[in-house]
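Participant: Could you work out the structure for the sequence below:
(one chain, ligands or ions: 1)
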Amino acid sequence: MAQIVTNAIVLRRADYRENDRMITLFSPSMGRIDALCRGCRRQKSPLMAASELFCAGEYVLYQTSERTTVVSCQVTDTYYALRNDYERLSHGMYMLELCGAAVQPAQENERLFLLLLRALAHLCYGDVPARRITAVFLMGMTSLLGFRPQVGRCAKCGTPVLQNRTNDETLIAAFSPEHGGVLCPGCSAGERCRLREKDVVYLQEIMRRGIKSLDAEGDCPQALFDALRSMAEGRLDTPIRSGRMLV
Ligand SMILES: [Zn+2]
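Facilitator: Numbering: from 1, shown residues only. Purely as a prediction, here's the structure:
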């Protein structure tokens with residue numbers, strides 16, 4: 001039996017008994033933790049905010065051999081404004097579900113935790129298009145799972161993809177979810193997601209600068225976004241249901 005203090009964010013919640021809730025937390029040092037939040041649905045419960053989706057803070061947990069219980073939480077952010085924008089909310093919920101599938105119990109993943117918090121802050125407080133933020137998250141998460149997307153050289157044959165820069169709108173390459181990256185013109189036949197030169201540069205910027213690449217203009221093309229989703233979700237064992245709600 002032990003008391004634990006850890007930063008964490010709520011990925012999932014399910015009502016339990018009359019006033020309780022089971023929550024799934026993501027801790028940077030302890031991975032996924034299922035915890036019981038007792039009495040949190042009672043009015044004026046000090047644990048009310050701590051049991052909501054997106055709540056991030058310093059959680060005090062009590063662990064026995066049977067279960068983990070939330071003792072208290074010092075809330076740092078609830079990303080409350082996401083509730084006012086359905087599109088941004090659906091992207092945020094999608095990221096939470098991806099983390100729930102990617103993170104295992106007792107598995108440290110501080111970089112994914114920080115990526116999630118930064119992406120949620122952009123969604124909640126910034127004005128970058130939601131699809132662009134989620135695209136960065138998908139590329140980053142896939143890398144952190146050990147499947148770094150290939151964007152410089154063709155993921156199939158290894159040829160550098162941008163050999164002669166032309167700056168026009170011609171479809172010169174493709175993105176293949178199966179191969180986990182960009183394909184050169186010679187390997188692109190039959191691929192669904194074709195890319196212009198600027199799309200390849202956009203992907204290279206994401207891999208080079210991560211979340212900082214969000215300071216650039218523009219949106220992520222829909223076909224590329226779908227391909228990035230397919231790549232990232234394909235690396236997880238669980239289907240991601242909230243992806244259907246994305247707009
Ligand atoms: Zn190739």
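
Participant: Can you name the residues that contact the residue nearest the centre of the chain?
Facilitator: By C-alpha atoms, centre = their mean, the chain has its centre lying nearest to M95, at 3.6 Å. Neighbouring residues of M95 by C-beta atoms under 8 Å, 6 or more residues apart in numbering: 116, 119-120, 134, 137. Where C-beta positions appear, they are placed from N, C-alpha and C, glycine not excepted.

Participant: what do you get for C99?
Facilitator: Contacts of C99 by C-beta under 8 Å, 6+ apart are 11, 26, 112, 116, 141.

Participant: And what about the residue nearest to the centre of the chain, helix, strand or coil?
Facilitator: helix (DSSP: H, G, I helix; E, B strand; the rest coil).

Participant: what separates the closest residue to L53 other than its chain neighbours from R21, distance-wise?
Facilitator: Closest residue in space to L53, ignoring its immediate chain neighbours: V10 at 5.5 Å, by C-beta to C-beta, 6 or more residues apart in numbering. Look at V10 and R21: by C-beta to C-beta, to the nearest Å, they are 10 Å apart.

Participant: likewise T166?
Facilitator: 56 Å.

Participant: more crowded one of the two?
Facilitator: Legend: neighbour count by other C-beta atoms under 10 Å for T166 and R21, higher for R21 (24 against 10).

Participant: Can you verify that one is assigned to a strand?
Facilitator: Yes - R21 forms part of a strand when assessed by three-state DSSP.

Participant: List the residues that contact it.
Facilitator: By C-beta under 8 Å, 6+ apart, the contact list for R21 reads 13-15, 36-37, 40-41, 51.

Participant: Kindly supply the ChimeraX command isolating those of the residues you listed that are buried.
Facilitator: Buried residues among these (16 or more other C-beta atoms under 10 Å), as a ChimeraX selection:
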select :13,36,37,40,41,51
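
Participant: Export the contacts of R21 as TSV, with columns for pLDDT and distance to the ion.
Facilitator: Shown next, in TSV, are the contacts of R21 (pLDDT from 0 to 100; distance: C-beta to the ion, whole Å):
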residue	pLDDT	distance to the ion
R13	97	45
A14	97	46
D15	96	51
L36	98	52
C37	97	51
C40	96	54
R41	96	55
S51	97	50
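
Participant: which one of the contacts of R21 is nearest N84?
Facilitator: R13 (19.7 Å; C-beta to C-beta).

Participant: What residues does the closest one make contact with?
Facilitator: Per C-beta under 8 Å, 6+ apart, neighbours of R13: 21-24, 51-53.

Participant: Pretty sure E110 sits against P28.
Facilitator: Yes - using C-beta atoms under 8 Å, E110 makes contact with P28 at a distance of 4.0 Å.

Participant: the more surrounded of the two?
Facilitator: P28 (19 against 12).

Participant: tell me the domain boundaries of the chain?
Facilitator: Following automatic domain parsing, one gets these domains for the chain: 2-77, 128-241.

Participant: first to last residue in the shortest one, what's the distance?
Facilitator: Think domain 2-77. One end of domain 2-77 to the other measures 26 Å (C-alpha to C-alpha, to the nearest Å).

Participant: buried stuff in stretch 45-53?
Facilitator: 45, 47-48, 50-53.

Participant: so what strands line up beside the biggest strand by length in the chain?
Facilitator: Counting residues, the longest strand found in the chain (DSSP state E) is strand 2-16. Applying DSSP bridges, strand 2-16 is found paired with strand 20-27 (antiparallel), strand 56-63 (antiparallel).

Participant: ok, and what's touching the last one?
Facilitator: By C-beta under 8 Å, 6+ apart, the residues outside strand 56-63 that reach it are 1-10, 25, 27, 33, 35, 50, 68-79, 117.
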